[in-house]
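Asker: what would the 3D arrangement of this be:
(one chain, ligands or ions: 1)
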Amino acid sequence: MKKKIDHTDPANKMNTTQGNGGETHQDAGQEVPTLTTQQGVAIADNQNSLTVGSRGPTLLEDFVLREKINHFDHERIPERIVHARGSAAHGYFELSESLAEYTTANILTEVGKQTPLFTRISTVAGSKGSKDTPRDVRGFAVKFYTDQGNWDLVGNNMPIFFIQDAMKFPDLVHAVKPEPDRGYPQAASAHDTFWDFVSLSPETMHNVIWLMSDRALPRSLRMIEGFGIHSYRLINKEGKSTFVRFHWKPVLGVQSTTWDEAVKISGADPDYHRRDLFESINRGDFPEWELGVQLFSEQEAAQFPFDHLDATKLIPEELVPVKIVGKMVLNRYPDNFFAETEQVAFCPSHLPPGIDFSNDPLLQGRLFSYLDTQLSRLGSPNFAQIPINAPKCPFANMQRDGHMQMQVPKSRVAYEPQSLDPSMPRESEKRGFHSYSESLDDGVKGRVRADKFADHYSQPRMFYQSQTAPEQAHIASAYAFELGKVDTAHVRTRMLGHLRHIDEDLAARVADALGMELPEPPTAAAPIQEMPTSDALQTIGRTPHTLKGRQIAILVAPGSKRSEIEKYQQAAKDQGASVKIIAPGREAVLDDGTRIQSDERVAGAPSAMFDAVVSIIMPEQAKKLAKDSSTLDWFTDAYGHCKAIAYCGATDQYILSKLPIEKDAFITPLTELDNFIKNAKTRLWQREPKVRDLA
Ligand code: HEM
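Answerer: Numbering: from 1, shown residues only. This is a model prediction of the structure:
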């Protein structure tokens, strides 16, 4: 017997009834689509299986139940072997400067043309269900649906890689993933096997120091750089080749969290970056990057003090400037996470005519790996037909059949050359992809690395010496944290030896923090060069002073002044910031009797999640909140993380004055709105030595 439910919940627009067991039934009626099986048969009851009597056994005949459970049982597919956790968005690329002199790829020659794309940004080591804010490299993969076929630029947020040869990739990944006997740690490099491998592989030193830097702790996915890393070739009409390295420059600048923030955020909101991407796109704050290219000839490359085919080397912008040629805008979040973000399959071997590979041995190995892994991840060679992977330009070939074939090819012909069906596709000498005709006559077959790859310390040294003082402190502290998690003494000692080659002061700081002696450095395979420092490698030094893209939290409580809240909300929004209202509960009645909905409860939204904080509360509430440890942490952490704080009298009297907070120029009363807005555009790094004992 079904009883009618009568209340105003929007769910009850459907004809809602209650079944015998109290279960809710919603009927499609006229307005709502009808639920069906995969075969299109309408389902009468989606709550109960078919049984003999109300308490008897279930019948095998119940095809609705069997189909539903069967599909569910197979919902999961293997996660990516690396870069399993990622978020993505649709968007477009628009060219502003033609590279016609260098390439025939239309996407790089037709100024003003918008090419649709899909970009996925990922962590590397963690599983799909891990967190967004581990210390890790971020993958930065872009699929351009060009009118000459798909181009996948599969890069990272660091311009170099850990290893020089694809042969070492499985070892690197096995070393960083959870240790196989114990199954931990998840999404972390701070363990023995990672440091054992890297300390025995000096080629990793450059990427490792980037991993220890603030670059590995992005504030937002909208605030990371992207790099294609390897040298590629651009090929022009005459068949001439120019080497190119691709760069993505975020319009919001590069911004990072501190390690302490990253740790706290990962507990409070493991989806911090994914949520930020989703919310920013939904409010129309579209993430944007400029595309830059470093162009150089074979002859110029021969003069570099390193080998550009070595993926552990960056090309300093001071040596080859980055030329901006267009921009990417991400303006649509995927409709379905699985169908798009999970099923997208990037591959560095997807290139349109006019772009070609270099002989970088890491790149060459990647060209095999991606299609191979995707075959097992997506289960069929037809994964290129999944909508997110299929080109948006016409495509046709003689590939047939296989699991999950979605196309219904017509014609008796599935081969070529043929003379039976003129409608079938043929090759095109003119429009087709031509590999660069490189002369390789003098090669001797063998497993050998180029001598010029042997210099493993000059660039990490350049990187460290290019950083600002707070960044150097963060790097030293990160090494100390990570090596502090390594139980095997000889691994820690070996690493300290490498650090001496990078920078003696860095090595001494880390050794001191670990309470260890400095060992003799290992023998360097090539002389260490003093390279000029490069400001482009900094993060803090280049962080823009702006509120654009940042987020301000306003703490309110019952009785808070609406006029003050709105003043701060408006001022922040005028500067391009977003605002979240934080309160003890999810709703509160303000001084004017109106009710405000908060975005988060203070207990669930530590101040680490925001760029600056404001507190507008009345004395009675301040007294109550002063007894709540999450509220006290909220203020102590905002101070400890060098952020701007705007406070009301009650906050000052009952909370701030009770905490170990030394008032400085970044802590201002509510009356100083303009000062707060100015302060919130940056961080007071000068405060850091007072609040954190960095290595
Ligand atoms: C410059 C060096 C490298 C960069 C920048 C890089 C970047 C990436 C990125 C961004 C992804 C995630 C793509 C996505 O979002 O779906 C990825 C996945 C992957 N990478 Fe790499 N990678 C590098 C080196 C390598 C090497 C040397 C290998 C193997 C020899 C490799 C094998 C893989 C595999 C198997 C996946 C999973 C692909 C999938 O399941 O779709 N990568 N890589």
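
Asker: which other helices and strands contact the longest helix seen in the chain?
Answerer: The longest helix of the chain (DSSP state H) is helix 361-378. Helices and strands touching helix 361-378, as assessed by 3 or more Cβ pairs under 8 Å, 6 or more residues apart in numbering; DSSP states H and E, comprise helix 169-176, strand 355-357. Bear in mind the C-beta positions are built from the backbone N, C-alpha and C, glycine included.

Asker: please repeat the previous calculation with a cut-off of 7 Å.
Answerer: Contacting helix 361-378 under the criterion 3 or more Cβ pairs under 7 Å, 6 or more residues apart in numbering; DSSP states H and E is no other helix or strand.

Asker: outside of that helix, which residues touch it?
Answerer: Helix 361-378 has contacts (Cβ atoms under 7 Å, 6 or more residues apart in numbering) with 77-78, 80-81, 161, 163-167, 169, 230, 311, 343, 345-349, 357, 381, 383.

Asker: next: stretch 576-585.
Answerer: The contact list for stretch 576-585 (Cβ under 7 Å, 6+ apart) reads 283, 546-557, 569, 572-573, 596, 598-602, 605, 610, 625.

Asker: one step back: helices - which of the contacts of helix 361-378 land there?
Answerer: Judged by DSSP H, helices contain the following of the contacts of helix 361-378: F169.

Asker: which of the contacts of helix 361-378 are close to the ligand?
Answerer: Among these, the ones lying near the ligand by Cβ under 6 Å from any ligand atom are R80, I81, F161, A166, F169, A311, A345, F346.

Asker: for G326, state which of these is nearest.
Answerer: F346 (19.6 Å; Cβ to Cβ).

Asker: pretty sure the closest one contacts F140?
Answerer: No: between F346 and F140 there is no contact under Cβ atoms under 7 Å: 10.3 Å.

Asker: counting neighbours around each, name which of these two comes out higher.
Answerer: Legend: neighbour count by other Cβ atoms under 10 Å for F346 and F140, higher for F140 (25 against 22).

Asker: for whichever strand or helix holds the more buried one, name the packing helices and strands.
Answerer: Using DSSP states H and E, F140 maps to strand 138-146. Applying 3+ Cβ pairs under 7 Å, 6+ apart, we find strand 138-146 packed against strand 114-123, strand 149-156.

Asker: compare those strands and give me the one nearest P660.
Answerer: It's strand 114-123; of those, that one is closest to P660 (Cβ to Cβ) at 34.1 Å.

Asker: rewinding a little: the longest helix of the chain vs helix 169-176, what angle?
Answerer: Orientation check (axes from the mean of the first three to the mean of the last three Cα atoms, to 10 degrees): helix 361-378 against helix 169-176 gives 70 degrees.

Asker: before we move on, back to that, out of the ones next to the ligand among the contacts of helix 361-378, what pair is the most spread apart?
Answerer: Of all pairs drawn from these, the widest gap by Cβ to Cβ lies between A311 and A345 and measures 21.9 Å.

Asker: so what's K323 up against?
Answerer: G292, V293, L295 are the contacts of K323 under Cβ under 7 Å, 6+ apart.

Asker: nope, E504 is what I meant
Answerer: If a contact means Cβ under 7 Å, 6+ apart, then E504 has no contacts.

Asker: likewise for E61?
Answerer: By Cβ under 7 Å, 6+ apart, E61 lies in contact with L50.

Asker: my guess is I315 meets F306, correct?
Answerer: No: counting by Cβ under 7 Å, I315 sits too far from F306 to count as a contact (8.4 Å).

Asker: for the residue in the stretch 51-200 of the chain that the ligand sits nearest to, name its beta-bridge partners.
Answerer: The minimum distance from the stretch 51-200 of the chain to the ligand, using Cβ to the nearest ligand atom, falls at G139 (2.7 Å). Note on G139: beta-bridge partners by DSSP bridges are S122, N156.

Asker: quick revisit: out of the contacts of helix 361-378, which sit inside strands?
Answerer: Counted as lying in strands by DSSP state E, out of the contacts of helix 361-378, are F357.

Asker: how is the chain carved up into domains?
Answerer: 1-75, 86-385, 458-541, 545-691 (automatic domain parsing).

Asker: mean pLDDT added to those, as a markdown table?
Answerer: Below are these laid out as a markdown table (pLDDT from 0 to 100):
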| stretch | mean pLDDT |
| --- | --- |
| domain 1-75 | 88 |
| domain 86-385 | 98 |
| domain 458-541 | 97 |
| domain 545-691 | 97 |
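
Asker: can you lay out those as TSV showing distance to P391?
Answerer: Below are these laid out as TSV (distance: least, Cβ to Cβ, whole Å):
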stretch	distance to P391
domain 1-75	27
domain 86-385	5
domain 458-541	35
domain 545-691	33
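
Asker: tell me which of the ones you listed lies nearest to S411.
Answerer: Closest of the domains of the chain to S411 is domain 86-385, at 17.7 Å (criterion: Cβ to Cβ).

Asker: spatially nearest residue to the residue in the stretch 551-695 of the chain that the ligand sits nearest to, not counting backbone neighbours?
Answerer: Per Cβ to the nearest ligand atom, M609 is where the stretch 551-695 of the chain lies closest to the ligand, at 24.8 Å. Nearest non-adjacent residue to M609, counting by Cβ to Cβ, 6 or more residues apart in numbering: I265, 5.8 Å away.

Asker: so V329 makes contact with H90?
Answerer: No: if you go by Cβ under 7 Å, V329 and H90 don't touch, sitting 9.9 Å apart.

Asker: what's the spacing between the strand holding F140 and its chain's center?
Answerer: Relative to its chain's centre, strand 138-146 lies at 12 Å (Cα atoms, centre = their mean, to the nearest Å).
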